[in-house]
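K.L.:
from the sequence below, what's the structure:
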Amino acid sequence: MSWDGVQREVLDALGHIFWRRVDPAGEVPDDPLADALLRAAGRDRASPDAAALCRSWQPLSQFRDPAAKRALWPRLRALRRRPPA
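P.N.:
Predicted coordinates for the structure are as follows:
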């Protein structure tokens with residue numbers, strides 16, 4: 001959750017400590033599109049190479065473009081033929 005400046009000041013005055021959430025490098029993005037692409041590659045979130053695959057792809061927001069998705073399909077089909085690492 002993000003807090004605006006006034007909320008931060010009030011919470012700081014109350015003695016609350018702010019923790020910043022850091023997404024680990026080995027985590028799959030929490031996005032339904034990431035799950036769909038992993039399924040198309042024959043993987044799921046629990047696959048040992050799922051996070052590495054997601055990092056190897058371009059940003060997920062670019063896959064909302066149909067041309068980018070079409071360009072990715074040959075790679076996904078090749079991954080389906082290869083077992084997870």
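
K.L.:
for Gly5, see how far away the spatially most central residue of the chain is.
P.N.:
Against the mean C-alpha coordinate of the chain, by CA atoms, centre = their mean, the closest residue is Pro29 at 1.6 Å. Separation of Pro29 from Gly5 (CB to CB, to the nearest Å): 28 Å. To be clear about C-beta, it is placed using only N, CA and C from the backbone, and glycine gets the same treatment.

K.L.:
what of Asp49?
P.N.:
42 Å.

K.L.:
average pLDDT for whichever helix in the chain runs longest?
P.N.:
Across the chain, the helix with the greatest residue count (assigned by DSSP state H) is helix 66-81. Helix 66-81 comes out with an average pLDDT of 89.

K.L.:
what does it contact?
P.N.:
Applying CB atoms under 8 Å, 6 or more residues apart in numbering, the contact partners of helix 66-81 are Leu37, Ala40, Ala41, Gly42, Arg43, Leu53, Trp57, Gln58, Gln62, Phe63.
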